[in-house]
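> model the structure of this input:
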Amino acid sequence: MFLKKSSKPLHYEDRAKNAKPNIIVMHYTGMDSMLAARQRLTDPESKVSAHYLVDTDGKVYDLVPEDKRAWHAGLSYWHGETDINTCSIGIEIVNPGHDLGYAPFPSAQMQAVMELARGIQSRHNIEYVLGHSDIAPERKKDPGELFPWEWLAGQGVGLWPRPLAEDEKVADAIHNDYEIERLLTQLGYNPMAAYMDVLSAFHRHYAPEKFKTGEQEKSDRTTALRLVALIRQSGHKPAL
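Okay, the predicted model is just below:
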């Protein structure tokens, strides 16, 4: 007996042969409800999907198998890679986003995100944990400046800058935006994207306090120091 292969359209596809995920990308849904987001993320016609959806109460929905290619990154870039969908796992986090009343992420939700990401890290060789705004700074703001990246890094998910004395000395030698831009590119950001968009994306992730003072488009010693520390923590020497 032969079983007919289902012709039902899918909201994902196969990864390229031998492609392995090494990036986790965090998103917010930017919609008014979890149900609306789940419907859109599982509708093949929307051409948008993610591997997981995490509700505000911490419930996790498995939407796409990890060995498949979801459609969550779009036009994006990180460390020379432009097909981020092929080498990543996408996590959508229920939040109305900047256009619909951006709000802090509840602790139950973040606990679930942390446990989910840890599980992904245990199954794959994950090198980077990024926001959608990191890989698409000219288009995206999510998961935004309220996302608790520092707390998440403290739980073993992603990096947070922890400067050493040696980083202080290097940061003191950085005096202009040209040098900052070079370091942003070394960290992984797209060198072809507009500098102010990239700088804002970096601050959104690694210096969110700048959004409270309206200084997200200004580089300063904090920017330089955190950049230098992150590059060192990634196993490299700042290229100046």
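> show me what contacts the nearest residue to residue 106 once chain neighbours are set aside?
Distances taken as C-beta to C-beta, 6 or more residues apart in numbering place residue 56 nearest to residue 106, at 5.2 Å, with adjacent residues excluded. For the C-beta atoms, the positions are set from N, CA and C on the backbone; glycine is no exception. Residues near residue 56 by C-beta atoms under 8 Å, 6 or more residues apart in numbering: 34, 94, 95, 106, 108, 109.
> check residue 208 too.
Neighbours of residue 208 in contact, by C-beta under 8 Å, 6+ apart: 145, 146, 147, 149.
> what about the residues you listed, which are in helices?
residue 149 (DSSP state H).
> hang on, the earlier thing: so which of the contacts of residue 56 sit within helices?
Checked against DSSP H, the contacts of residue 56 include these in helices: 34, 108, 109.
> shaky segments in this protein?
For the chain, the stretches flagged by pLDDT under 70 are 1-7.
> how is it carved up into domains?
The record's domain parsing of the chain by automatic domain parsing lists 18-154, 165-233.
> most neighbours among the contacts of residue 56, which one?
Of the contacts of residue 56, residue 95 is surrounded by the most neighbours, 27 neighbours in total, counting by other C-beta atoms under 10 Å.
> where along this structure do the helices fall?
Using DSSP H, helices in the chain cover 34-41, 107-123, 132-135, 149-154, 165-172, 177-187, 195-206, 210-213, 221-233.
> would you reformat the ones you listed as JSON lines and include distance to residue 71?
Listed next are those as JSON lines, based on distance: least, C-beta to C-beta, whole Å:
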{"stretch": "helix 34-41", "distance to residue 71": "9"}
{"stretch": "helix 107-123", "distance to residue 71": "18"}
{"stretch": "helix 132-135", "distance to residue 71": "13"}
{"stretch": "helix 149-154", "distance to residue 71": "24"}
{"stretch": "helix 165-172", "distance to residue 71": "38"}
{"stretch": "helix 177-187", "distance to residue 71": "26"}
{"stretch": "helix 195-206", "distance to residue 71": "21"}
{"stretch": "helix 210-213", "distance to residue 71": "29"}
{"stretch": "helix 221-233", "distance to residue 71": "29"}
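> looking at these, which is buried most?
Comparing those by mean neighbour count (mean count of other C-beta atoms under 10 Å), helix 132-135 ranks first with a mean of 26.
> list of residues touching it?
Contacts of helix 132-135 (C-beta under 8 Å, 6+ apart): 25-27, 72-73, 76-78, 84, 140-144, 188-190, 201-202, 204-205.
> and stretch 139-157, end to end?
End-to-end distance for stretch 139-157, by C-alpha to C-alpha, to the nearest Å: 24 Å.
> can you check stretch 135-154 too?
This stretch, stretch 135-154, spans 22 Å end to end (C-alpha to C-alpha).
> same question, stretch 71-79
First-to-last residue span, stretch 71-79, C-alpha to C-alpha: 19 Å.
> residue 50 touches residue 73, doesn't it?
No: at 9.5 Å, residue 50 and residue 73 do not qualify as touching, with contact defined as C-beta atoms under 8 Å.
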